[in-house]
Structures are given as structure tokens and as C-alpha cells.
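Enquirer: Predicted model, plus sequence, below.
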Amino acid sequence: MVTLEKTEKTDLFSMNRRSFLKVVGAIGASAFLGLHRSEITKALELSKTKVIWLHGAECTGCSASLLDGGNPNVFQAIQKLSVDLAFHETLLAQQGIFVDGRPAATSELNTEILLDEAIEEGNYILVIEGSIANGPEGSGKYCMIGERTFKDIFEKAASHASMIMAVGMCAAYGGVNSADSDLKDLTDFRGVAFLNENPSRGMLDELGIDKPVINIAGCPAHPDWIMLTLAAVILGKINVNDLDSVLDRYKRPLVFFPASSSMHDNCPRRGYYDRGILDEDFSGEGCLLKVGCKGPYTRSDCGLRRWNNSISMCTQAGSSCISCCEPGFPDVASPFYEMIEDKPLINGMNVGTMSAIGVGAASVGVVAHAARRIIFNKDEKQEDEE
């Protein structure tokens, strides 16, 4: 088990990749950046890492989540990691194509010029928040920024980037923009490297661009997942040219989205599940499986890391998990507040079948949990072999 006392006495840069990621996964962004501030500063004092952060079709929720991060806040973290945030629309000072009625022709005043200059300089990490419209008919015109399609802006930025971080479900897998609807095929929103679970329909594949990609899942993504992944890349603890050993098949960091366990494993209500105490509405303190909790089918460390400065999380606050970290969200989790009874656990069995044949509620909980562990371990083995 990783503790603050152990990591405080450890030389950060003597750690191998596996140990580094284990520490990062256990102690969170504030403790990590605080404990190793002097080492980070020394390692990065002669260089800065440029980051360009672009917004496609989204609600800016992941940026809001990052801004809500605790100690350190995003600005302190950027300083400690020696990040040059060259472009981020939400955080930029006011700019416009026109100032006082006249065309603004410098990067100090004109956002479009600032972005083009930053891209053309190259050598940056590209962060994408939001999905990328391919429609109608491959034009990308369902997402415009000024007179330019976001698809065109993304193509130029991705071509010059050293690597890409897709932050949030929209950027990673298409998210709510690619959910099933009458407009889905017409608008044709894509994630950076995936469309839902499909790696052959991401926008990079559409454009014929080959770049290293890390997907930070979540709707929104947790501040720690974003900052600690960025820190690991900047500090060289993740080799962007050899990502297979640290990512799962959906390009999520395994340290935050473990292949061998689910969010349910560390849920504060887990004990009620094992005892067969399943609430049938949202007013009780028991397990929320019957009101639609998807925690048993969701890979994330929310139950350990928690949110709002590690104070709470969805199930602790009384809401069921809606599986917002799984590719295919929101369709794979819909309807959110209805129990999944037909999702296979093992040998074709599922919760509904097990209940129907007379297995006691407590036994259902224990057996179903064991079955999911077997499935997750099997998936993890397959990922290792791949």
C-alpha cells in the first residue's frame, strides 16, 4: 500500500515507471505536486512544455472540473509543472477579430492569429475537449468557430502536435454528441481516436493522421486524471511513443481506469450490496443497484479518489453511477435509473436470472461480484496479450 510517508522519502526520479504510476494513482494531484515540488522545479527549470487546449462540441464541463480542482489549483499546478498554456479559449483574456471597430491583426488581440502562430511553432501537447463534427457529408460544418470548421482547426493542430490528450467523453469517444438520435448520422460527431468503442472511426483515422493519444475518460473528467497524466508525460514517466503498457484497449490510463476492478469495488455502499440491502428508491442508504447504478460495470477509481477535494462522489451523494467513464456513454448506460438485468456476468447468467432461480439477495451480491472479477481479470489478461 502506498502512503504519504513512504512517497515523501522516495526519490521521485529514481522511481521506475510502474512505481511512479502507482504513487500517482494513490495519493492524488495535490499531495503529489506538493511533496515533489522541489524535484519537479529542478527537473523542469530549463524547459517549458507548451500546451494548446482546443474546444469542440461540448459543454466546457471538463475545463470547469479542472478549474474546480483543489490544492493545488490549476494555475498553481501549471506553474509547478512549468507548463506554457499557449491557448485555452476559456482562460484567455478578452480577444476578438475586431477591436474598437477595426480589424485586430496581432496575436495579442486576435484569437485566430494567436492560435495559428502557436500551432505553426509546433512542439506542443494538444489537449482536445469536445467532439469533432464530420457532418454534413464530411464537411465538418456542424461545428464552426468563426468561418472555420473545428474539423479543419483540429486537423492542423493535430498534424503539428507531439501527442494528443482527449479530455472527457466527447473528445475521447464522441460522448453525448454521438448518442443515438435522428441526427446522429447527419452530424457525425467523432472522438479523437474513437467513435464510441470503435477505434476505426475516430477523427484521426478519418483524416489519416497518426499521433500518440491518451484518453482521459469521464463526464466530466476528474481534475487528478487530467493533471497527473499531464505530469507523468511532462516528467517522462510515460513514453508517448510506447503507450500500450500504460493504457487499456480504449487508451485510458490503467492507473485510473483499472482493468481488474470496477468502481463498485470501492463504493461507499458496497457493504450493503454484499448483505443484499438494495434500495428501490433514492431515499435510503443501501446499494443503488436496483435504481440503475452502473458501478459494477464501470472501470474507474472514483470510489477511492472521490471528488470535490476527495470529499464525496456520485453514489455517496445519493445518485447511482451512470457509467460516464465507459466508451459508448450515454447509450451504454441508458436508461440511467433502471437496473440492468440482462447484461451477462458469467456463463450467460445475469442478475435477473440469478434472482429468478431463487438465489438469495445476499448471495446474488457476492456471486455477481465474483463473476465480474473473473470477467475483468479475463479482459485484463486479453489486454496484456494484445
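Expert: Great, that's in hand. Numbers count the residues shown, from 1 in each chain.
Enquirer: you'd agree residue 197 is up against residue 251?
Expert: No - the pair residue 197 / residue 251 is not scored as a contact, 11.5 Å apart, by Cβ atoms under 8 Å. C-beta: built from backbone N, CA, C; applies to glycine.
Enquirer: Which neighbours do the two have in common?
Expert: Taking Cβ atoms under 8 Å, 6 or more residues apart in numbering as the contact criterion, residue 197 and residue 251 have no common neighbours.
Enquirer: Outline the domain layout of this protein.
Expert: The record's domain parsing of the chain by automatic domain parsing lists 4-234, 263-385.
Enquirer: what about the spatially closest residue to residue 270 that is not a sequence neighbour, how many neighbours?
Expert: Distances taken as Cβ to Cβ, 6 or more residues apart in numbering place residue 264 nearest to residue 270, at 6.5 Å, with adjacent residues excluded. Look at residue 264: counted by other Cβ atoms under 10 Å, it has 23 neighbours.
Enquirer: quick one, what contacts residue 264?
Expert: For residue 264, the set of contacting residues under the criterion of Cβ under 8 Å, 6+ apart consists of 270, 273, 293, 295, 296, 298, 303, 321, 369, 372.
Enquirer: swap the cut-off to 7 Å and go again
Expert: The contact partners of residue 264, by Cβ atoms under 7 Å, 6 or more residues apart in numbering, come to 270, 295, 296.
Enquirer: okay, now the last one: neighbour count?
Expert: Read it as residue 296. 25.
Enquirer: What is the three-state secondary structure of residue 52?
Expert: In three-state terms, and counting by DSSP: H, G, I helix; E, B strand; the rest coil, residue 52 is strand.
Enquirer: The residue nearest to it when sequence neighbours are not counted is in what secondary structure piece?
Expert: Beyond its immediate neighbours in the sequence, the residue positioned closest to residue 52 (Cβ to Cβ, 6+ apart) is residue 87, lying 4.7 Å away. Assigned by DSSP states H and E, residue 87 belongs to strand 83-88.
Enquirer: same question, residue 75
Expert: helix 74-80.
Enquirer: Quick one: mean pLDDT over that helix.
Expert: The average pLDDT for helix 74-80 rounds to 76.
Enquirer: For stretch 295-311, what is the spacing between the initial and final residues?
Expert: In terms of Cα to Cα, to the nearest Å, the two terminal residues of stretch 295-311 are separated by 18 Å.
Enquirer: For it, buried residues please.
Expert: Taking 16 or more other Cβ atoms under 10 Å as the basis for neighbour counts, the residues of stretch 295-311 that come out buried are 295-307.
Enquirer: In helices, which of these appear?
Expert: With helices taken from DSSP state H, the overlap with the buried residues of stretch 295-311 comprises 302, 303, 304, 305.
Enquirer: Does residue 70 touch residue 311 like I think?
Expert: No - because the distance of 9.4 Å does not satisfy Cβ atoms under 7 Å, residue 70 is recorded as not touching residue 311.
Enquirer: what ranges of the stretch 251-386 of the chain fall below the confidence cut-off?
Expert: For the stretch 251-386 of the chain, the stretches flagged by pLDDT under 70 are 341-386.
Enquirer: cutoff 50 now
Expert: Within the stretch 251-386 of the chain, the stretches falling below the threshold (pLDDT under 50) are 345-349, 354-362, 374-375, 384.
Enquirer: From residue 219, how far off is the residue nearest to residue 270?
Expert: 18 Å (Cβ to Cβ, to the nearest Å).
Enquirer: Next: residue 178.
Expert: Using Cβ to Cβ, one obtains 13 Å as the distance from residue 178 to residue 219.
Enquirer: more neighbours, these two?
Expert: Shown here are residue 178 and residue 219; by other Cβ under 10 Å, residue 178 has more neighbours (26 against 22).
Enquirer: would you list every one of the strands in the stretch 1-150 of the chain?
Expert: Along the stretch 1-150 of the chain, counting by DSSP state E, counting those that start in this stretch, strands occupy 49-55, 83-88, 98-99, 102-103, 124-129, 132-133, 144-145, 148-149.
Enquirer: Tell me which of the ones you listed lies nearest to residue 241.
Expert: Each of the strands of the stretch 1-150 of the chain was checked against residue 241 via Cβ to Cβ, and the shortest separation belongs to strand 124-129, namely 13.7 Å.
Enquirer: How far off centre is that closest one?
Expert: For strand 124-129, the distance between its averaged C-alpha position and the chain's averaged C-alpha position is 13 Å (Cα atoms, centre = their mean, to the nearest Å).
Enquirer: And for stretch 237-249?
Expert: Stretch 237-249 sits 15 Å away from the centroid of its parent chain (Cα atoms, centre = their mean).
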